[in-house]
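Participant: One predicted model, sequence on top.
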Amino acid sequence: MTDTRAIALIMALRGQGITDQRVLSAIERTPRELFVDRPFGSSAYENTALPIACGQTISQPYVVALSTQELEVQPNHRVLEIGTGSGYQAAVLAQLCRMVYTVERHKPLLGAAQTRFRELKLHNVVTRHGDGFQGWPEQAPFDRILLTAAIPELPDSLVNQLKPDGILVGPVGQAVSAETNCQQLVKIIRTNEGTSMKRLIPVVFVPMVPGLPEVISNGSASGKKS
Ligand code: SAH
């Protein structure tokens, strides 16, 4: 039975203009409490971003819902996500499309997300430990690409991994601080003539960091920006 807190969250998302019933149902079926660290369990269904390991965040449900709605995902689609984080966004996408390919640079986050995908029997999510700036060339082209870390500007290397008529959604711009934020969630549609871009909402995402974290002597990742 759906948690009453999940139902309240769905009502809040509807109030914020999320109308795609498939997206709302996928969110309703995804137990967000499994994706947050134990101390934040009681806040799992609040409409806020929360901290996760390696100094990263699980996105606000509204931003997950809007990004997913704007991606216009179809059941036959193959979707690339950059920034697996907790795995929550990938779990929502997995219920709406054929295959999710998700890339994360922090190994501990990826390991925890893989365990969650197994527990939830989401067999159509495949993961890669790597630098998302490169996308996933061996599996390209994708019907849809979702970036869940902010990028100063969109590199051709990612846009070129979209099929013609493909859609990419992601945060573009630099967050100087929460007060002077310049990030926008944008929607890019690849056309035969090039690309068209629509600005959706201002957002605050963690940055997309090039390269992999340094591994320090005890074997754990330092999480230092490279
Ligand atoms: N989608 C996630 C939220 C991600 S937060 C969720 O649903 O929980 C952004 C994630 O992007 C972080 O986990 C961060 O480590 C990852 N990231 C940042 N730069 C990256 C890069 N170059 N390649 C792959 N992942 C990256």
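Facilitator: That came through, no problem. Keep in mind that this is a model prediction, so the values were computed, not measured. Numbering: from 1, shown residues only.

Participant: the longest strand in this protein is where?
Facilitator: Looking across the chain with DSSP state E, the single longest strand is strand 162-172.

Participant: what's the spacing between that strand and its chain's center?
Facilitator: Offset of strand 162-172 from its chain centre (C-alpha atoms, centre = their mean, to the nearest Å): 13 Å.

Participant: Quick check: buried residues in the following helix or strand past it?
Facilitator: Using DSSP states H and E, the helix or strand that follows strand 162-172 in sequence is strand 184-191. Buried residues in strand 184-191, counting neighbours by 16 or more other C-beta atoms under 10 Å, are found at 184-190. Heads up, the C-betas are built off the backbone N, CA and C, glycines and all.

Participant: what lines up beside strand 184-191 in the sheet?
Facilitator: Pairing partners of strand 184-191, with direction, according to DSSP bridges: strand 162-172 (antiparallel), strand 194-202 (antiparallel).

Participant: can I have the shortest one written out in CSV, keeping just the CAs?
Facilitator: Taking Å, rounded to 0.1, in the frame of the first residue of the first chain, the C-alpha atoms of strand 194-202 are listed here in CSV:
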residue,chain,number,x,y,z
GLY,A,194,20.6,21.7,-35.1
THR,A,195,19.1,22.2,-31.6
SER,A,196,16.4,24.3,-30.0
MET,A,197,16.5,25.3,-26.3
LYS,A,198,13.8,26.1,-23.8
ARG,A,199,14.5,27.5,-20.3
LEU,A,200,12.3,25.7,-17.7
ILE,A,201,13.0,27.0,-14.2
PRO,A,202,16.0,28.3,-12.1
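
Participant: Just the strands from this protein, written as ranges.
Facilitator: In the chain, the strands defined using DSSP E lie at 50-52, 56-58, 78-82, 99-104, 125-129, 142-147, 162-172, 184-191, 194-202.
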